[in-house]
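Trainee: Sequence first, predicted coordinates after that:
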Amino acid sequence: LETKHSSSMDAQDDDASVELLLSEQYNRPLDIAVQQQRIPAWHPILDPEWMIYSYLILAVILIPLGYHLETESEKVVEMSVVYDSTNPDEQPCGIGMRYNANENCTLQFTVPQTMKPPVLVYYELHNFHQNHRAYFASRDDFQLTGQVGNQAKTSAVACEPINKLGNITINPCGLIANTFFNDKITLLDNGAVDDEGLNLTMVEEGIAWRTDLEYRFKMPDGYQQQECPQDGCDASCCTNLGWSCKQPAIGKDDKCYAYDYPEDDTTQYLYETYPNIISPLEHVTNEHFVVWMRVATRPNFRKLYGYIEQTIPAGTLLEFEINLNYVVESFGGKKALVISTNNAWGGKDKYVGITLYAMGYFCLACGIIFAVKHWFRPRRIADRKYLHYKEE
């Protein structure tokens with residue numbers, strides 16, 4: 001046994017001593033500086049002077065920048081009003097638990113100072129957790145890019161419990177698409193004008209990411225539409241073509257179109273779920289819907305609804321009509337309308353500036369303290385008196 005064991009060990013030693021040819025060394029790193037760790041490196045010694053200068057430089061940068069951001073934030077003009085809430089004092093337009101109430105309410109804003117374009121119009125929700133993992137994952141991206149039928153099992157599971165109603169498939173499915181904010185906001189023509197005397201108008205196009213509209217949201221595969229004759233904008237325009245529409249739809253160009261959706265008998269499309277908001281000519285390419293599908297990271301958030309590309313003089317009375325449909329009482333939240341300008345750094349947020357100059361003052365204090373200490377009690381680098389040896 002001993003002989004066999006020693007001979008086997010000798011064989012292993014012989015194998016280990018055999019050097020493979022370079023052509024056979026498949027896992028050998030390339031002979032380049034990155035993989036052979038030969039890149040020149042800088043290893044600074046963080047002595048007291050380095051640290052003092054670093055703190056003072058950071059202070060010089062952060063303190064002015066913080067005050068600049070705070071000043072720019074104060075220039076932003078922002079107005080907001082909560083119009084529905086679980087709080088009785090914040091319910092000028094409350095609808096309670098009446099889903100799709102289809103009631104109208106008017107909100108007024110008096111502009112405190114001149115607002116330069118673009119004047120942004122947001123809706124704001126509180127206590128709505130779009131960042132919850134189950135909510136975030138509840139979508140079918142294949143449906144959003146045009147797929148009809150042949151739903152993958154993983155997508156079906158992700159969309160539950162809002163995937164089918166009996167034998168009717170919901171397209172698009174999932175919690176995000178089917179909790180779409182469906183209050184309708186309209187800027188009323190009350191005689192308000194801009195600095196040139198033109199009536200104010202709110203634009204609702206160009207609010208979604210261009211890449212989303214081009215790549216992530218598309219009409220269903222097999223969808224088709226056709227312009228109706230000028231004297232035939234009625235049901236006959238659909239029946240003559242044998243298409244799925246019952247009545248033609250009016251496009252953004254004010255023309256009349258017949259449309260046809262694939263598998264319409266067994267599928268409930270977005271325009272059927274939200275008939276007052278979504279046009280059958282848009283489906284998931286509606287920009288309000290695209291904005292909603294980009295989920296927020298915090299429970300209190302605002303999303304862009306439109307913008308005014310005109311200068312609004314101080315003292316102007318703005319009136320917005322809200323068509324109320326979205327219930328917030330079910331999740332203990334509230335909804336608000338926000339009118340705001342912005343700047344190169346974003347919207348109104350003074351805390352960013354405060355945070356920066358507070359950090360700057362902290363760095364300044366550290367730099368001064370270390371400088372005073374180093375002046376009175378300097379410490380020479382590599383001073384042997386600080387070395388301690390073990391006792392023999």
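Mentor: That came through fine. Only a predicted model underlies this, so the values are computations on that prediction, with no experimental measurement involved.
Trainee: For this structure, which segments are assigned as helices?
Mentor: In the chain, the segments counted as helices under DSSP state H are 2-17, 48-75, 133-136, 141-144, 153-159, 210-211, 235-239, 270-273, 287-293, 350-376.
Trainee: so can I have CSV of those helices showing mean neighbour count, distance to residue 118 and mean pLDDT?
Mentor: The way it works is simple: take the backbone N, C-alpha and C, and place the C-beta from them, glycine included. Converted to CSV, those look like this (neighbours: other CB atoms under 10 Å; distance: least, CB to CB, whole Å; pLDDT from 0 to 100):
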stretch, mean neighbour count, distance to residue 118, mean pLDDT
helix 2-17, 9, 72, 50
helix 48-75, 16, 15, 94
helix 133-136, 12, 29, 93
helix 141-144, 20, 28, 95
helix 153-159, 14, 36, 93
helix 210-211, 8, 16, 95
helix 235-239, 16, 38, 92
helix 270-273, 19, 28, 95
helix 287-293, 21, 15, 97
helix 350-376, 15, 21, 95
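Trainee: Which of those helices sits closest to residue 187?
Mentor: In terms of CB to CB, the element of the helices of the chain nearest to residue 187 is helix 287-293, at 14.9 Å.
Trainee: residues contacting the spatially most central residue of the chain?
Mentor: Centroid check for the chain by CA atoms, centre = their mean gives residue 294 as the closest residue, at 4.8 Å. Applying CB atoms under 8 Å, 6 or more residues apart in numbering, we find residue 294 in contact with 209, 212.
Trainee: Just read off the phi/psi values of it.
Mentor: For residue 294, the backbone dihedrals (degrees, to the nearest 10) come out as phi -90, psi 100.
Trainee: what's the spacing between it and residue 145?
Mentor: Between residue 294 and residue 145 the distance is 15 Å, computed by CB to CB, to the nearest Å.
Trainee: Over to stretch 299-319 now: how far is its first residue from its last?
Mentor: 28 Å (CA to CA, to the nearest Å).
Trainee: show me where pLDDT drops low in the stretch 251-392 of the chain?
Mentor: Scanning the stretch 251-392 of the chain for pLDDT under 70 picks out the ranges 386, 389-392.
Trainee: Save the helices of the chain as TSV, and put in distance to residue 99 too.
Mentor: Listed next are these as TSV, based on distance: least, CB to CB, whole Å:
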stretch	distance to residue 99
helix 2-17	76
helix 48-75	38
helix 133-136	19
helix 141-144	24
helix 153-159	20
helix 210-211	33
helix 235-239	29
helix 270-273	12
helix 287-293	17
helix 350-376	36
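Trainee: The residue nearest to the centre of the chain and residue 206, how far apart?
Mentor: Taking CB to CB, one finds residue 294 at 15 Å from residue 206.
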